[in-house]
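Undergrad: Below is the structure, and that's it, no one-letter string:
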């Protein structure tokens, strides 16, 4: 799996959307085709963070990097 491509998508496409609402994310690593992300800022304590992970982060990342099987918030 191309770590640099994943980081680029996260930093250039997904993070700006979260930053608009005071949130952010941090790439932590890849383990068994699972991308690990740390939610930061307003996203860290938000009750909607699981929906954000599945509907925004995971969906967009899988569309660009099909090898990604899952995105996990840590």
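TA: Good, I have the coordinates. Just so it is clear, the model here is predicted, and its values are computed rather than measured.
Undergrad: Can you tell me the SS state at the residue nearest in space to the middle of the chain?
TA: Centroid-nearest residue in the chain, with Cα atoms, centre = their mean: residue 57, separated by 4.2 Å. Using DSSP: H, G, I helix; E, B strand; the rest coil, the secondary structure recorded for residue 57 is helix.
Undergrad: Show the contacting residues for it.
TA: 10, 14, 25, 37, 71 (Cβ atoms under 8 Å, 6 or more residues apart in numbering). C-betas here are computed from N, CA, C, even on glycine.
Undergrad: Swap in 10 Å and give it another go.
TA: 9-10, 13-15, 17-18, 25, 35, 37, 39, 43, 49, 71, 73 (Cβ atoms under 10 Å, 6 or more residues apart in numbering).
Undergrad: buried residues in stretch 62-74?
TA: In terms of neighbour count (16 or more other Cβ atoms under 10 Å), stretch 62-74 has its buried residues at 65, 68, 71, 73.
Undergrad: is it true that the first one touches residue 14?
TA: So the one you mean is residue 65. No - with contact defined as Cβ atoms under 10 Å, residue 65 does not count as touching residue 14 (11.8 Å).
Undergrad: Please enumerate the strands of this protein.
TA: Along the chain, counting by DSSP state E, strands occupy 23-31, 34-41, 70-73.
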